[in-house]
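Undergrad: give the three-dimensional model of this entry:
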Amino acid sequence: MDTWRIIPFEQYDPFENIAIDEAIFRAGRQREMPPTLRFYGWKRPAVSLGYFQDAEREINCEYCRDRGIDIVRRPTGGRAVLHGNDLTYSLVAGEDNPHFSSDIVETYRTISGCIIRGLEKSGVVAKMVKEGRPGSGSAGAFCFAAAYKNELLANGKKICGSAQVRAKGMFLQHGSLLMDFDPVAVCAAIITKISAMEVEKLKASVTSIRENAGDDIGIDTLCRNIAAGFEEVLDIRLIVGELSPEEETLRDSLLESKYLSDRWNMKGRGTKNGH
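TA: Here you go, the predicted structure:
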């Protein structure tokens, strides 16, 4: 039975959250390491941008600045997510790991299957999308506005949004499970034109853990159940671990050179600190 590292749930500020994910990813690229599953939360509200997104065009930056909502750019693609009351997971593994594939869509399918098992244990019935559906209107900048192939729906609504990056034989996938969902807040922060129509669209297409499982479900229980889902579906054993000294050094370097920089977070890959 394969053993993986699991880094238990902890809250960090938005910039450190993304720096840790990239540090684990980069360290894995430099030397052979077992896969790492990590759970985390957000000390304060933030919008995470996809690697290719245009912050000024797709995010209500003035609204975010006025309300202390941080903006951080991820190394992964995809669309924006408003973080706050959500559980974020990340998984770093090698493409040659026998549980995964060099095909991105198949990797999504495998990971989604593990999360489905964990959600089932939490009282949430989720299914994979067989064929993706496009986003529409100004909601298109928001990750949860559209479900893509092998992403997850509960009662026909998107419940988990994920994104992935690959390099040098490794992949990083991270995603967000909404504990609660406030469509008005999303419209204000991500969709620059707020309207009753946009709010209703999001209500019709997005759901949350508590909407499906009730108010009693907590982050700790959800983490435990999703971890068990990975173990059962993949027949692996998760061993609790922490960041290595190498990963801590990489995290600190990435914070200083990249994630604490407005230039990176707002302008992205066109900067000297981009990939």
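Undergrad: pLDDT of stretch 242-260, averaged?
TA: For stretch 242-260, mean pLDDT rounds to 97.
Undergrad: starting at the chain centroid, how far to it?
TA: 19 Å (CA atoms, centre = their mean, to the nearest Å).
Undergrad: buried residues in that stretch?
TA: 243, 247, 250-251, 254-255, 258-259 (16 or more other CB atoms under 10 Å). From N, CA and C alone the C-beta is placed, and that goes for glycine too.
Undergrad: what's the farthest-apart pair in these?
TA: Largest separation among these by CB to CB: 243 and 258, giving 17.3 Å.
Undergrad: hmm, back to that, give me the subset of the buried residues of stretch 242-260 lying in strands.
TA: Among the buried residues of stretch 242-260, none falls in strands (DSSP state E).
Undergrad: can you read off the pLDDT for residue 89?
TA: 98.
Undergrad: surely it forms part of a helix?
TA: No. Secondary structure of residue 89 (DSSP: H, G, I helix; E, B strand; the rest coil): strand, not part of a helix.
Undergrad: in terms of contact, does it touch residue 36 like I think?
TA: No. Between residue 89 and residue 36 there is no contact under CB atoms under 8 Å: 10.9 Å.
Undergrad: quickly name whichever of the buried residues of stretch 242-260 is closest to residue 100.
TA: For the buried residues of stretch 242-260, the nearest to residue 100 is residue 247 (20.9 Å; CB to CB).
Undergrad: make sure the closest one is actually in contact with residue 21.
TA: No. Between residue 247 and residue 21 there is no contact under CB under 8 Å: 10.3 Å.
Undergrad: please enumerate the shared neighbours of those two.
TA: Common neighbours of residue 247 and residue 21, counting by CB atoms under 8 Å, 6 or more residues apart in numbering, are absent.
Undergrad: tell me if I'm right that residue 255 and residue 17 touch.
TA: No. Checked against CB under 8 Å, the pair residue 255 and residue 17 is beyond contact range at 10.6 Å.
Undergrad: for the residue nearest the centre of the chain, helix, strand, or coil?
TA: Nearest residue to the geometric centre of the chain (CA atoms, centre = their mean): residue 175, 2.2 Å. Under three-state DSSP, the three-state class of residue 175 is strand.
Undergrad: how about it: what's its closest non-neighbour residue?
TA: Counting by CB to CB, 6 or more residues apart in numbering, residue 175 lies nearest to residue 162, which is 3.1 Å off, once chain neighbours are set aside.
Undergrad: for the helix or strand encompassing that neighbour, which helices and strands make contact with it?
TA: Using DSSP states H and E, the element containing residue 162 is strand 157-167. Identification of packing neighbours for strand 157-167 by 3 or more CB pairs under 8 Å, 6 or more residues apart in numbering; DSSP states H and E yields helix 14-30, helix 104-121, strand 152-154, strand 170-178, helix 196-205.
Undergrad: hey, which of those is tucked in deepest?
TA: The highest mean neighbour count among the helices and strands packed on strand 157-167, using mean count of other CB atoms under 10 Å, belongs to strand 170-178: a mean of 24.
Undergrad: got the angle for it vs helix 14-30?
TA: Strand 170-178 and helix 14-30 are oriented at 150 degrees to each other (axes from the mean of the first three to the mean of the last three CA atoms, to 10 degrees).
Undergrad: model confidence over strand 170-178, on average?
TA: The model assigns strand 170-178 a mean pLDDT of 95.
Undergrad: next secondary structure after that strand?
TA: Counting by DSSP H and E, what follows strand 170-178 is helix 183-189.
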